[in-house]
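>>> please work out how this folds:
(one chain, ligands or ions: 1)
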Amino acid sequence: MKKRIIALVLVTAMLLMAYCLVSCEDENEDEDMDGEYLVLVNKENAIGEDYVPEELVDVNTDYTNGGKAIMLEKTVAEAVLSMIDAMKEAGINNVSITSGYREYSYQKTLFDRYIANEKAAHPDWSDEDIRKEVLTYSAAPGTSEHQTGLCVDLFTTEMEGLWNYGSETPNNPYDKGFAETDAFAWLQEHAHEYGFILRFPENKTDITGYSYESWHYRYVGEEHAKKIHKKGITLEEYLD
Ligand SMILES: [Zn+2]
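Residues are numbered from 1 along each chain as shown. As a prediction, the model looks like this:
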């Protein structure tokens, strides 16, 4: 009789465990993957010419590179400021935001400028090849994540010797430079705690469509950022 009871208890426990595993998985699958901070903008998913974030705010210029005017979505602005404050507490005092929200027309100006530069550098290339080249490092207007107001490009004064920082030009040494800073090492450990992910990691170009950008951080909210960080995946893979 005793053995039977023990067996019964064991079977019940196993069933309960199995049920928990299944229902926990269900919970993951039911998760709201259309959250307001999960919008996917990339080469295949344009945001459109007319999109403007609902709640844009001016970022406190104490936190921007050279005190320049930068706008971000309200929640993202708060999150990035507390992240920079935390970096200061950790002894990293030289970080600022160098780019945030970009309106469609600005992205168009940038893109057209890169096209002109490439044409000048490669007069024998076809228009298609020129466009292809520019697309490896710059978003076509309407496909830049910066138009969402949900991402930032960060800057540190450790980088000041480098040219053209923040303008996302090809073979720009500032990529390698930022990846070598204390700020970057800290962000690798902590950005997700503030809701940010490294949006274009090294060796993920085939998935994101962009070269490695060690300075570009995208807000997805804490919960999702932690999961993405833990899994070591890109936003594209997370939403797939
Ligand atoms: Zn960027």
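>>> hey, what's the residue of the chain found nearest the ion bridged with?
Closest residue of the chain to the ion, CB to the ion: H216 (3.7 Å). For glycine as for every other residue, the C-beta is placed from the backbone atoms N, C-alpha and C. Following DSSP bridges, H216 is listed with bridge partners D153.
>>> contacting residues for it?
Shown in contact with H216 (CB atoms under 8 Å, 6 or more residues apart in numbering): 145, 151-153, 198-200.
>>> out of these, which touch the ion?
D153 (CB under 5 Å from the ion).
>>> now, which of the contacts of H216 lie within helices?
Secondary structure from DSSP state H places none of these in helices.
>>> switch the contacts of H216 over to CSV; also include pLDDT and neighbour count.
Compiled in CSV, the contacts of H216 are given as follows (pLDDT from 0 to 100; neighbours: other CB atoms under 10 Å):
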residue, pLDDT, neighbour count
E145, 94, 21
C151, 98, 27
V152, 97, 30
D153, 93, 22
L198, 97, 23
R199, 97, 23
F200, 93, 24
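>>> ok, the contacts of H216 vs M71, which is closest?
The shortest gap between M71 and any of the contacts of H216 belongs to V152, at 11.0 Å (CB to CB).
>>> am I right that that closest one is in contact with M71?
No - taking contacts as CB atoms under 8 Å, V152 lies outside contact range of M71: 11.0 Å.
>>> what's the pLDDT at I47?
On pLDDT, I47 comes in at 92.
>>> give me the neighbour count for it.
21 (other CB atoms under 10 Å).
>>> pull up the residues of this protein that are close to the ion.
So far as CB under 5 Å from the ion goes, the chain lies against the ion at 153, 216.
>>> grab the nearest non-local neighbour of K231.
Y238 (7.2 Å; CB to CB, 6 or more residues apart in numbering).
>>> ok so, going back, roughly how far apart are the residue of the chain closest to the ion and I97?
11 Å (CB to CB, to the nearest Å).
>>> all strands for the chain, in order.
Taking DSSP state E as the test, the strands found in the chain are 56-58, 71-73, 95-99, 151-156, 196-200, 213-219.
>>> next, the buried residues of the first one.
By that I understand strand 56-58. Across strand 56-58, burial judged by 16 or more other CB atoms under 10 Å covers 56-57.
>>> in this structure, which spans are helices?
Under DSSP H, the chain gives helices at 2-30, 74-89, 104-121, 127-135, 174-179, 182-190, 205-208, 222-231, 235-239.
>>> I'd like the mean pLDDT over the longest one, please.
Confidence for helix 2-30, expressed as mean pLDDT, is 56.
>>> what's around the residue nearest to K231, how many residues?
Count around Y238 with other CB under 10 Å applied: 17.
>>> touching, it and I228? I think so.
Yes - counting by CB under 8 Å, I228 is a contact partner of Y238 at 5.1 Å.
>>> circling back to that earlier point, worst average pLDDT in the helices of the chain?
Among those, helix 2-30 scores lowest, at a mean of 56.
>>> could you chop this protein up by domain?
Listed by automatic domain parsing, the domain ranges of the chain are 1-31, 39-102+144-239.
>>> just the ones you listed: most buried one?
Comparing the domains of the chain by mean neighbour count (mean count of other CB atoms under 10 Å), domain 39-102+144-239 ranks first with a mean of 18.
>>> first to last residue in that one, what's the distance?
With CA to CA, to the nearest Å as the measure, domain 39-102+144-239 spans 9 Å from end to end.
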